[in-house]
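Participant: coordinates for the following, if possible.
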Amino acid sequence: MPPEDSSDVDAARWERVRHWLRAELGEATFESWFARLELDRVENGVVRLTVPTKFLKTWVQSRYHERIKARVVAEFRGVDRVSIDLRSPTPKAPARTNGASDATTQESLPSANENGTEANPSSSSSASRRIAPKATTRLESESLSGSPLDRRLTFETFLVGPSNQLAHAAARRVVEPRQNEGAPLFNPFYTHAAVGLGKTHLLQAMAQEAAANKRRVVYLTAEKFMSGFVSSLNAQTSIAFKETLRGIDMLIIDDVQFLRGEWIQQEFCHILNALIDAGRQIVVAADRPPSELESLEERVLSRLKSGLCVDIGPLDEALRVKIVDARVAAARQKQHNFIVPPEVVSFVAKTITTNGRDLEGAVNRLLAHSTLNGAPLSLAMAETAIRDLVQAHEPKRVKIEDIQRLVASHYSVSRNDILSARRTANVVRPRQIAMYLAKVLTPRSLPEIGRRFGGRDHTTVLHAVRKIEQLVATDRQVAEVIELLKRVLSEQ
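Facilitator: Below you'll find the predicted structure:
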């Protein structure tokens with residue numbers, strides 16, 4: 001029997017790591033942050049992983065690096081470090097063989113023939129004719145099939161209350177069958193909400209309802225749109241990608257706040273303009289209103305502001321009770337003896353005020369305690385079961401030490417460098433940013449911040465704060481970095 005390929009062994013080990021992460025963190029978290037984390041290679045005691053975007057790299061490193069490392073070390077023998085790097089969107093094209101035409105090389109890159117046979121390009125023109133439909137087919141199947149839809153997220157399962165009533169009504173109106181070929185009433189339709197308040201549920205419900213009404217609809221996350229566009233550039237099929245997008249009836253983009261890159265934003269704006277001018281529907285969702293999307297170009301923002309903009313507000317108590325009741329009913333279909341008394345439902349709805357995902361997590365904890373203890377649920381048991389959720393959402397206290405470590409890591413300097421008297425450019429800017437974040441995110445006074453930064457005077461801190469405020473207002477790149485660091489610190 002031939003020896004087992006080490007790469008196959010490593011791949012199997014990595015799959016076990018992924019399976020463990022999915023089980024521990026849950027499906028939603030895994031799909032958001034780990035689905036595109038891939039194993040590159042194992043060498044010299046280091047497992048090298050890759051992600052497609054810098055934002056994803058920073059987020060995973062700052063929040064989950066130690067957890068990933070612990071599991072990787074347990075699975076991979078002789079490994080003591082984990083490295084997370086950026087990767088190219090697609091593998092490089094294979095080298096051409098002598099005598100192969102450009103068309104033949106490009107044709108082999110997008111896809112193989114359906115019957116598995118090799119094409120016979122008798123001429124460059126005939127090869128070109130074969131490339132176009134095959135490239136489009138591949139794009140539709142990979143990029144334009146859209147992000148996965150959860151069949152449970154429909155209008156029927158979307159619970160309505162005062163905070164989301166307008167957004168729900170507008171969404172239903174947008175996907176209604178059109179009586180004529182005139183321009184859509186609300187176009188683009190833009191909705192925004194904080195995490196876990198139902199905007200993704202609403203968008204997926206719209207996608208499924210529109211498809212049921214025989215409209216060609218594509219639902220994409222911003223990351224899926226970016227990766228699809230970059231992949232089409234590398235595969236030299238970007239024209240087919242854009243033309244196929246422009247031929248749909250409804251384009252739905254979720255989490256548009258993650259849209260990055262000047263070129264990609266320009267193309268996104270062109271697609272928006274083309275679809276709107278052609279009377280096609282645009283639906284966009286984000287975690288904030290358009291006016292607060294500092295990372296997007298003005299031309300994109302002006303288009304998004306031109307339509308209907310509706311927010312989904314915090315869940316009121318009556319809606320939270322509805323959500324808990326619905327989650328309990330869903331859990332009871334799997335565990336028939338799962339009974340939650342009304343006073344426990346009321347307690348959970350009063351205590352967990354953040355979002356629907358935390359309410360779902362609370363019900364899962366109640367189910368676990370009820371099943372494992374084998375006793376009827378009581379208020380005392382409920383208090384114990386959801387204690388971690390309550391503590392997790394107490395007001396966040398950001399520490400100056402955490403700010404210093406994160407900023408130092410982001411700019412590849414040490415915390416000691418930031419605290420030192422060094423005045424080189426690669427240290428001064430991170431030090432000023434760390435001082436600015438300490439002033440904005442903590443209640444510490446300027447003199448106290450100065451003392452925590454190597455015993456500096458409060459006037460030095462004030463100068464740093466004013467300097468960064470000026471840069472945030474005039475330099476988009478600095479503003480994006482500040483926003484990213486704030487988000488990471490608030491989620492740690």
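Participant: and the strands in the stretch 1-150 of the chain?
Facilitator: 38-43, 46-51, 81-86 (DSSP state E, counting those that start in this stretch).
Participant: most tightly surrounded among the ones you listed?
Facilitator: strand 46-51 (a mean of 20; mean count of other C-beta atoms under 10 Å). Every residue, glycine included, has its C-beta placed from N, CA and C.
Participant: what's it in contact with?
Facilitator: 14, 36-42, 57, 60, 68, 72, 76, 79-87 (C-beta atoms under 8 Å, 6 or more residues apart in numbering).
Participant: returning to what we had before: could the strands of the stretch 1-150 of the chain go into TSV alongside mean pLDDT and distance to residue 367?
Facilitator: Output for the strands of the stretch 1-150 of the chain, formatted as TSV (pLDDT from 0 to 100; distance: least, C-beta to C-beta, whole Å):
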stretch	mean pLDDT	distance to residue 367
strand 38-43	90	34
strand 46-51	92	33
strand 81-86	90	34
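Participant: can you pull out the low-pLDDT segments for the stretch 101-250 of the chain?
Facilitator: Across the stretch 101-250 of the chain, the ranges flagged by pLDDT under 70 are 101-146, 179-183, 233-238.
Participant: need the strands of the stretch 1-150 of the chain in TSV (columns: distance to residue 381).
Facilitator: Listed next are the strands of the stretch 1-150 of the chain as TSV, based on distance: least, C-beta to C-beta, whole Å:
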stretch	distance to residue 381
strand 38-43	42
strand 46-51	40
strand 81-86	39
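Participant: what is the mean pLDDT for the helix or strand encompassing residue 463?
Facilitator: Taking DSSP states H and E as the criterion, residue 463 maps to helix 458-474. In this model, helix 458-474 has an average pLDDT of 91.
Participant: which outside residues touch it?
Facilitator: Outside helix 458-474, the residues touching it (C-beta under 8 Å, 6+ apart) are 431-433, 435-436, 438-439, 445-447, 449-450, 453, 478-479, 482.
Participant: neighbour-wise, which of those residues leads?
Facilitator: When the contacts of helix 458-474 are compared by neighbour count (other C-beta atoms under 10 Å), residue 435 ends up highest, at 29 neighbours.
Participant: surely it and residue 454 touch.
Facilitator: No. Assessed by C-beta atoms under 8 Å, residue 435 is found out of contact with residue 454, at 10.8 Å.
Participant: where does the stretch 351-492 of the chain dip in pLDDT?
Facilitator: 391-396, 491-492.
Participant: what about the helices in it?
Facilitator: 356-373, 379-385, 387-392, 400-410, 415-419, 425-441, 446-452, 458-474, 476-491 (DSSP state H, counting those that start in this stretch).
Participant: so which residues of the stretch 251-400 of the chain form strands?
Facilitator: Remark: strands assigned in the stretch 251-400 of the chain by DSSP E, counting those that start in this stretch are 281-286, 308-311.
Participant: average pLDDT across the shortest one?
Facilitator: Pointing back at strand 308-311 there. 92.
Participant: what's the closest non-adjacent residue to residue 350?
Facilitator: residue 317 (6.5 Å; C-beta to C-beta, 6 or more residues apart in numbering).
Participant: my guess is residue 38 meets residue 85, correct?
Facilitator: No. In this structure, residue 38 is not within contact of residue 85 by C-beta under 8 Å, at 10.5 Å.
Participant: on that earlier part again, tell me the one among the contacts of helix 458-474 nearest to residue 398.
Facilitator: Comparing the contacts of helix 458-474 against residue 398 with C-beta to C-beta places residue 438 closest, at 8.4 Å.
Participant: relative to residue 422, how far out is that closest one?
Facilitator: 19 Å (C-beta to C-beta, to the nearest Å).
Participant: what's the answer for residue 175, then?
Facilitator: From residue 175 to residue 422 the distance is 59 Å (C-beta to C-beta).
Participant: do residue 383 as well
Facilitator: Taking C-beta to C-beta, one finds residue 383 at 51 Å from residue 422.
Participant: thank you, goodbye.
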